[in-house]
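>>> this is a predicted model, with the sequence first.
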Amino acid sequence: MVHVVMATGFLLILIGFYGALTNRNLLRMIVAFTVADTGVNVVIVSVGHLHGRTAPILDRAVAAADAVQRIIDPVPQALVLTAIVIGVGVTALMLAYAWRIYRQHRTLDIARLTALKG
Amino acid sequence: MVKRLVALALLAVFGLVFATLLTGYTPDAELNPTARYYAERTAADLGAANIVTAIIVTYRGLDTLGEVTVLFLAAAIVGLVLAEGAHGHQPGRRVRPPVGELLTTGTRFLVPMILLLGAYVFVNGHLTPGGGFQGGAIIASAVLLMLLADPLRHFSHRLISAIESLAGILYVAIGIAGLFLAGGFLDNRILPLGNLGELVSAGAIPLIYSLIGLKVGAEFSSMLASLSETEEL
């Protein structure tokens, strides 16, 4: 089961990379990057999964005393929470820069953005 | 076409790496030592029912402060980059597009409830799945809905930045209070831990996560407002 989730995450990363490498439109590249980002998050969360265990929240179902035997690894979840939030910030930055590029060059096609070509 | 072939070859290499990782992966049967420490000590040391929250707010609190700072920087740069572009254009120039009765009435009905849900999620961050970042994102989704219903609506950037800086200053002040009243920077034990599973428990965690919720909500809202204020091209 974990392998299925992990394979899905890897597949999302590959789809994102494919989109980022083959598209020439900046907006499409940004969407592709967010897909790859999601894939990375899915993979990290799946690493923390332990078979037959439950979420790392103590309540009536999981007493504090036997938490070690009952819960999955909370660290990857904390990491992914951070990664998602930073991902939003990065996406917003990419969109803002894409807007600036469009405003200056009137195009989002990277083949026509040649300012950095030597 | 050569470019596409190169891309596909690169992806094949990545696919090979991922396949090796996947076939060689065996899930752990037991928690690793770090996770075991958190699972054993969270309830006794911090009094938080949600262990992920305990890690984010207290055990790795300094990293979260850094994360909030990164988010603040991203929001500030988005505002800077977009504000420079909007320079010199009259705000009244744009025509309000028709949005429809359904969206307008639905927004009026839903926005207070979405705000309430966001506040609920970050106030209960130490008990249930959720917390400041999730609650903040929910609050920003209310702002997004308001922008959809009225794309020309102008949000007060002064109010947003006042909420954001106040939440940030209080967050750091609570962290420094931990330095003097408890074990270290951002220690949550400056307030009584209370009983595990109650709303008023886990020391300063609900307070810190509420401040993070307000800060993140304000940052996301300012990003959305900046993006919506760019002029038509």
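That came in fine, so what should we check first?

>>> for chain A, what's the longest helix?
Ranked by residue count and defined by DSSP state H, the top helix of chain A is helix A:74-105.

>>> which helices and strands does it pack with?
helix A:26-47, helix B:33-45, helix B:51-54, helix B:61-85, helix B:132-149, helix B:205-228 (3 or more Cβ pairs under 8 Å, 6 or more residues apart in numbering or on different chains; DSSP states H and E). Heads up, the C-betas are built off the backbone N, CA and C, glycines and all.

>>> and the worst-scoring helix or strand of chain B on mean pLDDT with helix A:74-105, angle?
Lowest by mean pLDDT, DSSP states H and E among the helices and strands of chain B is helix B:33-45, with a mean of 83. Helix B:33-45 and helix A:74-105 are oriented at 100 degrees to each other (axes from the mean of the first three to the mean of the last three Cα atoms, to 10 degrees).

>>> where does chain A dip in pLDDT?
A:118 (pLDDT under 70).

>>> what sits against the residue nearest the centre of chain B?
For chain B, residue B:133 is the residue whose C-alpha lies nearest the centre (Cα atoms, centre = their mean; 2.7 Å). Going by Cβ atoms under 8 Å, 6 or more residues apart in numbering or on different chains, residue B:133 touches A:81, A:84, A:85, B:212, B:213, B:216.

>>> skipping adjacent residues, who's closest to the second one in space?
Pointing back at residue A:84 there. Leaving aside its chain neighbours, residue A:84 sits nearest to residue A:41 (6.3 Å; criterion: Cβ to Cβ, 6 or more residues apart in numbering or on different chains).

>>> same question for the third one.
Leaving aside its chain neighbours, residue A:85 sits nearest to residue B:133 (5.0 Å; criterion: Cβ to Cβ, 6+ apart).

>>> tell me how many other residues crowd residue 22.
No chain was given, so I picked chain A. Other residues near residue A:22 come to 15 when the count uses other Cβ atoms under 10 Å in any protein chain shown.

>>> wrong chain, I was asking about chain B
15.

>>> which of the residues in stretch B:155-163 are buried?
Neighbour-count burial for stretch B:155-163 flags B:155, B:160, B:161, B:163 (criterion: 16 or more other Cβ atoms under 10 Å in any protein chain shown).

>>> and the third one, what pLDDT?
In the predicted model, residue B:161 carries a pLDDT score of 85.

>>> one more: residue B:91?
54.

>>> quick check: the two most widely separated of the contacts of residue B:133?
Within these, two members stand farthest from each other by Cβ to Cβ: A:84 and B:213, at 15.0 Å.

>>> so for those two, which sits in the more crowded spot?
Remark: of residue A:84 and residue B:213, residue B:213 carries more neighbours, 27 against 15, as counted by other Cβ under 10 Å.
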